[in-house]
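# No letters, just coordinates:
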């Protein structure tokens, strides 16, 4: 079977990983569990994540900001 692009396997689970260079020159390497051990499902989910990388990375960053208690518009400013 051919390798699945942008994925790796840790134990029984497939993970999606794709590097992006940010405007300030830093490299962002988000790694997301595909929550499956089946290669056919992992291939489909990886294709979906690869199709719209900006949208998914932005939503991941937005979610991380909310988890940390920061405002998504201004990450240094705490929400009221």
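That came through fine. For clarity, every value in this text was computed on a predicted model and none was experimentally measured.

# What segments of this protein are helices?
Along the chain, counting by DSSP state H, helices occupy 39-51, 53-67.

# ok, of the ones you listed, where does mean pLDDT dip lowest?
Lowest mean pLDDT within these: helix 53-67, at a mean of 54.

# Give me the distance between residue 50 and residue 29.
15 Å (Cβ to Cβ, to the nearest Å). Backbone N, C-alpha and C define where each C-beta goes, glycine included.

# Those two - which one has more neighbours?
A direct count of neighbours by other Cβ atoms under 10 Å for residue 50 and residue 29 places residue 50 higher, at 14 against 8.

# Do I have it right that that one meets residue 20?
No. Using Cβ atoms under 8 Å, residue 50 is not in contact with residue 20; the gap is 11.8 Å.

# What's the local residue count around residue 4?
Taking other Cβ under 10 Å as the criterion, the count of residues near residue 4 is 19.

# How about it: what's its closest non-neighbour residue?
Closest residue to residue 4 apart from its sequence neighbours, by Cβ to Cβ, 6 or more residues apart in numbering: residue 43 at 5.0 Å.

# burial measure for that neighbour, as a count.
Residue 43 is flanked by 18 other residues according to other Cβ under 10 Å.

# Repeat that for residue 3.
Neighbour count of residue 3, defined by other Cβ under 10 Å: 9.

# swap in residue 38?
The number of residues packed near residue 38 is 11, by other Cβ under 10 Å.

# Likewise for residue 9?
If you count neighbours by other Cβ under 10 Å, residue 9 ends up with 13.

# residues touching it, list them.
Counting by Cβ atoms under 8 Å, 6 or more residues apart in numbering, residue 9 touches residue 15.

# No further queries at this time; thank you.
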